[in-house]
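J.: my questions are about this predicted structure, shown below with the sequence.
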Amino acid sequence: IKPAFIRWLYEAIIRQVLSYEAAIWPPPLKRLGNVRKLERIQRTVCRHITGARRSLSLEGQQIFTNLRPIQIHLQEVAINMTIRLIDAGRWDCEIFNMYSHVKYMEDCAKQYQIRLYQDRDKVQVAEYIKPKYRTYIGLRENISISTYNLEKNTLHIFTDGSKTEAGNTGSAFCIKGESYGEEGAFFLSSNSTVYQAEVYAIVAACYQLVVDGVTGMAVHFHIDNQAAIKSLSNIVIMQELTNRCKKLLNKLVERGNEVTINWIPGHAGYEGNELADRLAKEGGRNPTREEPVRIKTATQVFKNEIAYTFVHAHNKRWLEITGNRIGKIWFNQICKNRTKQLLSMSKNKLRVMMQVLTGHCDLNYFLHKMELVDSPLCPCGLSEETIEHVIGECIMYINSRKKCFNQFVVHPDDFHLLKFKNVLKFMGETERFG
C-alpha cells in the first residue's frame, strides 16, 4: 500500500473513530495514561507510513507526515464541535460547574486564545427564500460595454468589495441611470471578507433604492464576484448577511422593479466597475476616520483562524521539544509541499529517505552511538560521519554533490531547500544508505 493511501485511511477512518464525540475528550486527555494509549495508535500508523526505525521519535514522524499530535487534534475537533453546537443554539452555558464539559471546553478555548462566544455570520434556522430576481453569469467574450448604455426606466448598478494586505476592507456601489444616480463607499470591520464586502455593497445599493422609493425600473446589477451571484441564486442560504441581501432584492421586485444580477469581468476597463473599485478602495482607507460598519465574522474565516491556531501549536511543540536535531534541519515547521513529496514516493524510497531526515541510518556516527562500531569518524578522516557532513561537505562525494545539487558544498541551513528526488539520487551515488 502506498504511504499516501495509508495516511488517507488513517485520517478518513481510524482517526474519525478516535475523534467521535470529541467534546467529551478534554477531561480524559488530562490523564497521561490515556494520551499514551492514543499516541501508541498514531505511532503504529506513522511507522507503517514512513517505514522508520523504532528508534525514531513520534514527534518527528508526525511532522514529516503532517499528522497533528493526537492530543492537539482532539482538542481542535472538540472546539469545532463546540462551535457548531453554539451556532445551532444547542450549547447550554447554564450547565456550568467545575466538572462540566462546558467548563472544560471553555478552558481549552482559553488555552488557545479562541473566543467561543462571538457573533458569526450564520443563521441558526435555515430559511427557504425563493429568489424573485434573475441571476446571469455569461461568457466573458459575450459581454460588451454597449450593454451598459443608459436607457429610459433602466438603472445600472456596479458594486465592488476590496481588502488590502493590511486588512482594511472597503465596499462601494455606484448607480447610473438616465435621470438618477447615486454612489456610496463604506469602511467595514477588519474581520470582513471580500465576499462579505461584495454582498454588503449590494445591500447598501438595495437600501438606497428602497429609501428613494424607486419603482417600475429595470434594475441591472453588475458584479465581478461570481461566488456572490451563485450564493444569491440559492434558495437556502446559511449566511445572515446574504439572507438580508436576498430579502432586499426580493423587496425591490415586489415594488414593481425587474431586477437582474449580472456577472461582469473585473478590471476589464468597464467604467462603472472601475469607479466602484476605486470607491471600495477609498472606503477601505477610511479617509473620514469613521467607525467601521460592523460585519459579523464569516464562519469560514473563524474556521481558518482555528486551523491556523492549531498548526501554530503543532509547530511550537515541534520546535520546543528536545532532540530531533536532524529532523529540524529538514523541517523547521510543517510544510505540506515537502510532505507531499515524501508521501508520493514508494515505500522503499521513503524508508531510505527517513534515514536522511532523522540521522537514524548506517553512518558511523549513529552506529557508534548504538555501540556497533568503534569510531564515529567518516572514512575521509576529516570529521564524524554525520548526515550534515556526508550531504554537505565530505570530500569523498564532492562530484556527486555537484551532479545532484549543482554545488560543491551545501550548508545545513540550506538542506530544507533541496528537492527530495535529488537527495535520493545523491544517496544512491554515495552507496552509504541501505
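T.: Sure thing, it's come through.
J.: contacts, neighbours, all on C-alpha from now
T.: OK.
J.: point out where the stretch 201-350 of the chain drops to low pLDDT.
T.: Across the stretch 201-350 of the chain, the ranges flagged by pLDDT under 70 are 287-289.
J.: what ranges do the strands span in it?
T.: 218-223, 236-237, 258-263 (DSSP state E, counting those that start in this stretch).
J.: what lines up beside the second one in the sheet?
T.: According to DSSP bridges, strand 236-237 forms sheet pairs with strand 127-128 (antiparallel).
J.: starting at the chain centroid, how far to the strand it pairs with?
T.: 29 Å (CA atoms, centre = their mean, to the nearest Å).
J.: which other helices and strands does the helix or strand following it contact?
T.: Later in the chain than strand 127-128, the nearest helix or strand by DSSP states H and E is strand 134-136. If you count contacts as 3 or more CA pairs under 8 Å, 6 or more residues apart in numbering; DSSP states H and E, strand 134-136 packs onto strand 258-263.
J.: the strand it packs on pairs with which strands, and in what direction?
T.: With DSSP bridges as the test, strand 258-263 pairs up with strand 134-136 (parallel), strand 218-223 (parallel).
J.: of the ones you listed, which stretch is the most buried?
T.: Mean neighbours per residue, mean count of other CA atoms under 10 Å, is largest over the strands paired with strand 258-263 for strand 218-223, with a mean of 23.
J.: follow-up on the earlier one: can I get the strands paired with strand 258-263 in a markdown table including distance to Q208?
T.: Below are the strands paired with strand 258-263 laid out as a markdown table (distance: least, CA to CA, whole Å):
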| stretch | distance to Q208 |
| --- | --- |
| strand 134-136 | 20 |
| strand 218-223 | 13 |
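J.: and T260, how many residues sit next to it?
T.: Counted with other CA atoms under 10 Å, residues neighbouring T260 total 19.
J.: what about it, distance to T154?
T.: Between T260 and T154 the distance is 11 Å, computed by CA to CA, to the nearest Å.
J.: okay, and the common contacts of these two?
T.: 218-220 (CA atoms under 8 Å, 6 or more residues apart in numbering).
J.: any idea how many residues pack against F366?
T.: Per other CA under 10 Å, the neighbour tally for F366 reads 19.
J.: spatially nearest residue to it, not counting backbone neighbours?
T.: H360 (6.3 Å; CA to CA, 6 or more residues apart in numbering).
J.: checking the one you found next. Helix, strand or coil?
T.: Here H360 is coil, with the state taken from DSSP: H, G, I helix; E, B strand; the rest coil.
J.: what does I175 give?
T.: strand.
J.: isn't it right up against I202?
T.: No. If you go by CA atoms under 8 Å, I175 and I202 don't touch, sitting 10.9 Å apart.
J.: between the two, which one's more packed in?
T.: Per other CA under 10 Å, whichever of I175 and I202 has more neighbours is I202, with 30 against 22.
J.: any idea what the closest residue to G181 other than its chain neighbours is bridged to?
T.: Nearest in space to G181, with sequence neighbours left out and distances taken as CA to CA, 6+ apart, is I175 at 5.1 Å. Applying DSSP bridges to I175 gives these bridge partners: I157, E182.
J.: any idea how far L9 lies from H48?
T.: Plainly put, L9 is 12 Å away from H48 if you go by CA to CA.
J.: who has more neighbours out of these two?
T.: H48 (17 against 14).
J.: packing partners for whichever strand or helix holds the more buried one?
T.: Using DSSP H and E, H48 sits in helix 32-50. For helix 32-50, the packing partners by 3+ CA pairs under 8 Å, 6+ apart come out as helix 3-9, helix 58-65, helix 70-87, helix 347-358.
J.: how much space between H48 and F221?
T.: H48 sits 56 Å away from F221, going by CA to CA.
J.: M81 too?
T.: M81 is 38 Å from F221, by CA to CA.
J.: over to A52?
T.: A52 is 59 Å from F221, by CA to CA.
J.: ok, which of the strands of the stretch 201-350 of the chain comes nearest S57?
T.: Closest approach to S57 among the strands of the stretch 201-350 of the chain is made by strand 236-237 (47.0 Å; CA to CA).
J.: residues touching that closest one, excluding its own?
T.: Here strand 236-237 has contacts from 126-129, 231, 243, using CA under 8 Å, 6+ apart.
J.: please apply the same query to stretch 171-181.
T.: The contact list for stretch 171-181 (CA under 8 Å, 6+ apart) reads 150-162, 182-188, 197-198, 200-202, 204-205, 272, 275-277, 279-281, 283-284.
J.: which among those residues count as buried?
T.: Neighbour-count burial (16 or more other CA atoms under 10 Å) applied to the contacts of stretch 171-181 gives 154-162, 183-188, 197-198, 200-202, 204-205, 272, 275-277, 279-281, 283-284.
J.: and P265, how many neighbours?
T.: With other CA under 10 Å as criterion, P265 counts 18.
J.: my read: it touches N142, true?
T.: No. The pair P265 and N142 fails to qualify as a contact (CA under 8 Å) at a distance of 10.9 Å.
J.: grab the nearest non-local neighbour of the residue lying farthest from the centre of the chain.
T.: Relative to the mean C-alpha coordinate of the chain, counting by CA atoms, centre = their mean, the farthest residue is D374 (49.9 Å). Closest residue to D374 apart from its sequence neighbours, by CA to CA, 6+ apart: H368 at 6.2 Å.
J.: so which residues of the stretch 101-250 of the chain form helices?
T.: For the stretch 101-250 of the chain, the helices defined by DSSP state H, counting those that start in this stretch occupy 101-111, 194-211, 226-232, 240-254.
J.: what's the angle between the longest one and strand 258-263?
T.: On the basis of axes from the mean of the first three to the mean of the last three CA atoms, to 10 degrees, helix 194-211 is oriented at 160 degrees to strand 258-263.
J.: packing partners of helix 194-211?
T.: Partner elements for helix 194-211 (3+ CA pairs under 8 Å, 6+ apart): strand 154-163, strand 169-177, helix 226-232, helix 240-254.
J.: go again using 7 Å as the cut-off
T.: Contacts defined by 3 or more CA pairs under 7 Å, 6 or more residues apart in numbering; DSSP states H and E place helix 194-211 against strand 154-163, strand 169-177, helix 240-254.
J.: and that helix with helix 240-254, angle?
T.: Going by the same axes, to 10 degrees, helix 194-211 makes 30 degrees with helix 240-254.
J.: ok now helix 194-211, how far from the chain's centre?
T.: So, by CA atoms, centre = their mean, the centroid of helix 194-211 is 27 Å from its chain's centroid.
J.: I am finished for the moment; much appreciated.
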